[in-house]
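>>> structural data only, the sequence is not supplied:
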């Protein structure tokens, strides 16, 4: 039997390698959306297709013909939709569930295989890496126990995907909020928390909340160049 791991994040390669070393199943890692096709997966014949940190559209021909398991960083049906990590921290939620669910047509509405508790402290990149380690354990459990997925219970709460403009911290009024904004956007490929002057953009990473102040790394660039690079 083989399984497929699909992810666009580089830190998930190690997860695939670790699973391949510890399991009898062949583990195939896919990072390019052009390879997430019915034709390619038919050649592999996986028992499961696991999607970790994947923001691209999954074709119906894929999720209708293969058991596709998506990992979502909320206690579903609360928090369906985009930018779950940022939407949770913005609401002052610092502990969540990592949900493993069946991929269906409606976004994040599939039946649940497993849920496991996940801490939301640390930078976004640290949280994503932590969630990958947790997802690895959940993948092993799913393969070994073959749980029957259960329908979601409760009224859905839908999150909207955040826009880059929402990374602006100029309207925040507490150090705690500023700290949360910086850390929840502190991962490669994300629009980092920023402030702007008429000519400059200041982008912040690696924040530490001290007694009465915040220490952080700052990147200062011309505003036009900053918009072009992010």
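Right, received. Where do you want to start? The shown structure was predicted, so the numbers you read here are calculated from the model rather than taken from an experiment.
>>> contacts, neighbours, all on C-alpha from now
OK.
>>> neighbours around residue 23, how many?
Residue 23: 11 surrounding residues under other C-alpha atoms under 10 Å.
>>> for it, grab phi and psi.
phi -120, psi 160 (degrees, to the nearest 10).
>>> any idea how far it is from residue 113?
Distance, residue 23 to residue 113, using C-alpha to C-alpha, to the nearest Å: 20 Å.
>>> can you check residue 78 too?
16 Å.
>>> list the buried residues of stretch 126-146.
126-132, 135-136, 138-139, 142 (16 or more other C-alpha atoms under 10 Å).
>>> looking at these, which are in strands?
Among the buried residues of stretch 126-146, no member falls in strands (criterion: DSSP state E).
>>> now do the end-to-end distance for stretch 116-127.
End-to-end span of stretch 116-127 (C-alpha to C-alpha): 14 Å.
>>> what's the answer for stretch 26-38, then?
19 Å.
>>> let's number from 156 now, not from 1
Taking 156 as the first residue, the last one we looked at is stretch 181-193.
>>> which other helices and strands contact the longest helix belonging to the chain?
In the chain, assigned by DSSP state H, the helix with the most residues is helix 279-300. Applying 3 or more C-alpha pairs under 8 Å, 6 or more residues apart in numbering; DSSP states H and E, one finds that helix 279-300 makes contact with helix 167-177, strand 250-257, strand 267-274.
>>> show me what the last one is packed up against.
This points to strand 267-274. strand 250-257, helix 279-300.
>>> distance check, the most centrally placed residue in the chain against residue 168.
The residue lying closest to the centre of the chain (C-alpha atoms, centre = their mean) is residue 208, at 4.4 Å. Residue 208 sits 12 Å away from residue 168, taking C-alpha to C-alpha as the criterion.
>>> equivalent analysis for residue 362, please.
27 Å.
>>> which pLDDT value goes with the closest residue to residue 167 other than its chain neighbours?
Leaving aside its sequence neighbours, residue 167 sits nearest to residue 287 (C-alpha to C-alpha, 6 or more residues apart in numbering; 6.8 Å). Looking at residue 287, its pLDDT stands at 93.
>>> strands of this structure, residue ranges please.
Going by DSSP E, the chain shows strands at 157-161, 181-185, 203-206, 223-227, 233-236, 250-257, 267-274, 312-314, 349-351, 355-364, 369-377.
>>> turn those strands into JSON lines, columns for mean pLDDT and mean neighbour count.
Shown next, in JSON lines, are the strands of the chain (pLDDT from 0 to 100; neighbours: other C-alpha atoms under 10 Å):
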{"stretch": "strand 157-161", "mean pLDDT": "94", "mean neighbour count": "21"}
{"stretch": "strand 181-185", "mean pLDDT": "93", "mean neighbour count": "18"}
{"stretch": "strand 203-206", "mean pLDDT": "96", "mean neighbour count": "23"}
{"stretch": "strand 223-227", "mean pLDDT": "97", "mean neighbour count": "24"}
{"stretch": "strand 233-236", "mean pLDDT": "97", "mean neighbour count": "19"}
{"stretch": "strand 250-257", "mean pLDDT": "98", "mean neighbour count": "22"}
{"stretch": "strand 267-274", "mean pLDDT": "98", "mean neighbour count": "18"}
{"stretch": "strand 312-314", "mean pLDDT": "97", "mean neighbour count": "14"}
{"stretch": "strand 349-351", "mean pLDDT": "96", "mean neighbour count": "18"}
{"stretch": "strand 355-364", "mean pLDDT": "97", "mean neighbour count": "18"}
{"stretch": "strand 369-377", "mean pLDDT": "97", "mean neighbour count": "14"}
